[in-house]
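Colleague: 3D model of this:
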Amino acid sequence: MSWLAEALAAIDAARRADAPPVEFLPTEHDDDTHPHWTLREDAADSGAAAVVRTSGSTGTPKQTLLSWDALEASARMTAQALGGHGQWLLTLQPSYVAGLAVLTRSLVAATTPVALLQHTTDPHRFTEAAEQLTGQKRFASLVPTQLQRLLEHDDDPVLLDALRRFDAILLGGGATGAELYGRAKRLGLNVIRTYGMSETCGGCVYDGYPLPGVSISIGAQGRVQLAGPMLALGYLDDEQLTAEKFTTEAATGERRFRTDDLGSLSTEDADALDTVAQVSGAGHSTQIVPKLSVTGRVDDVITTGGVKVSAEQVRLALESHPRVGEAFVTGIDDAQWGQKVVAAVVLSSTSRRASTFAELDDLVRRQLGAAAVPKHYELLGSLPLLPNGKPDRQRLTDLLRR
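Modeller: Numbers count the residues shown, from 1 in each chain. Take a look at the predicted model:
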């Protein structure tokens, strides 16, 4: 039996409560041939089917408890938004919720995914894996960095044809820059920017619009709050954090998860939505759909010279420059400024002009004000990544601090 079949069987056993919850383990070596998992006897009475640890890019990883009801609800809402169930390309380790979601969607759809867990941005390996998909509908879930690096080979017609054959390519795990999104759309790719986390069984907001059954609200301090059947049970052995992050509305009984993201809500006419997904949200009329704009994180606010600056907004500004492929922004303690804004940037290899950093300064100054202009740029060939494809925030921060 292949590891994929064994993994699906382990999840199914946990679904039926014939076995304890399953936890997929982070890979220890880049050349591991397949993921490994363990059965969590210590969580057997929690009601969970799976335990997922947060990425741990900052702080201590949390052990999130996901029930089968939540995982199945997420899979069915995803299928509804994508026009039906289909076959998935698995390019993300199932120790992360995006990879686990591909397995649970496959289990619900009774399909077998195709796995590509090493060399995911190699155009030939990616094309070979994509060509193994035989389902009528074909989907992939990528982090933006994976797509960015694949599109460095956009002169490869075979790769582009493989990418265009996907009915949807979900981009999550971090914000997708406007340049990358626009480029993918111009190349004819069916890309969808997703927003979600381990506590929501993965993406539950597509291109800013909530999936069917999902509701969004903005709480105190502008924090984004999410509700719906895809919410986690809480955290293993941490009742205090569970009570802090998961609350129940007294009047309606609605259960909400308080994220660490800041955002705002607007509304749009249902006939004018800018997405290839079929979205609606919960608690709204069929004519009006809410739209979420994530403006930053509670912990990404940099106070420099007495002015508050969003690291996320600076990053987005930098990545809007045509010669910036990727950027990372953070605040570093500074005797003069309190904190100073610093950035690591990846430029295209053909456009490292001396004037580029002056142009970046002007761009950030115009969009966000003088206080947001980075005091230092670190030029990198690529951003260091965690195994799930997200930028390694701790490593980048240490680099910039040095």
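Colleague: Show me which residues of stretch 356-364 are buried.
Modeller: 356, 360, 363, 364 (16 or more other CB atoms under 10 Å). In short, each C-beta sits where N, CA and C put it, glycine included.
Colleague: Return the set of residues that bridge with residue 266.
Modeller: Residues in a beta bridge with residue 266, per DSSP bridges, are residue 291.
Colleague: ok, so what distance separates it from residue 195?
Modeller: Using CB to CB, to the nearest Å, residue 266 is found at 15 Å from residue 195.
Colleague: Which residue of the two possesses the greater neighbour count?
Modeller: Neighbour count, other CB atoms under 10 Å: between residue 266 and residue 195, residue 195 has more, with 26 against 10.
Colleague: That one: helix or strand, and which one exactly?
Modeller: Following DSSP states H and E, one finds residue 195 within strand 191-197.
Colleague: Please confirm that residue 302 is located within a helix.
Modeller: No. If the criterion is DSSP: H, G, I helix; E, B strand; the rest coil, then residue 302 is strand and not within a helix.
Colleague: Helix, strand, or coil at the closest residue to it other than its chain neighbours?
Modeller: The shortest distance from residue 302 to any non-neighbouring residue, by CB to CB, 6 or more residues apart in numbering, is to residue 331 (3.4 Å). Judged by three-state DSSP, the three-state class of residue 331 is strand.
Colleague: Next one: residue 331 from residue 307, what distance?
Modeller: From residue 331 to residue 307 the distance is 12 Å (CB to CB).
Colleague: So which of these two has more stuff around it?
Modeller: Using other CB under 10 Å, the more surrounded residue of residue 331 and residue 307 is residue 331, with 21 against 14.
Colleague: which ones are touching that one?
Modeller: 302, 303, 304, 309, 311, 339, 340, 341, 342 (CB atoms under 8 Å, 6 or more residues apart in numbering).
Colleague: And the pLDDT at the residue positioned nearest the centre of the chain?
Modeller: The centre of the chain sits closest to residue 173, judged by CA atoms, centre = their mean, with a distance of 1.8 Å. Among the per-residue scores, residue 173 shows a pLDDT of 84.
Colleague: Could you pull out the helices in the stretch 51-200 of the chain for me?
Modeller: Here the stretch 51-200 of the chain has its helices, by DSSP state H, counting those that start in this stretch, at 68-81, 97-109, 123-130, 144-150, 157-164, 178-186.
Colleague: Which parts of the stretch 151-300 of the chain are strands?
Modeller: With DSSP state E, counting those that start in this stretch as the criterion, the stretch 151-300 of the chain has strands at 168-171, 191-197, 202-206, 209-210, 215-218, 223-227, 234-235, 246-248, 255-269, 288-297.
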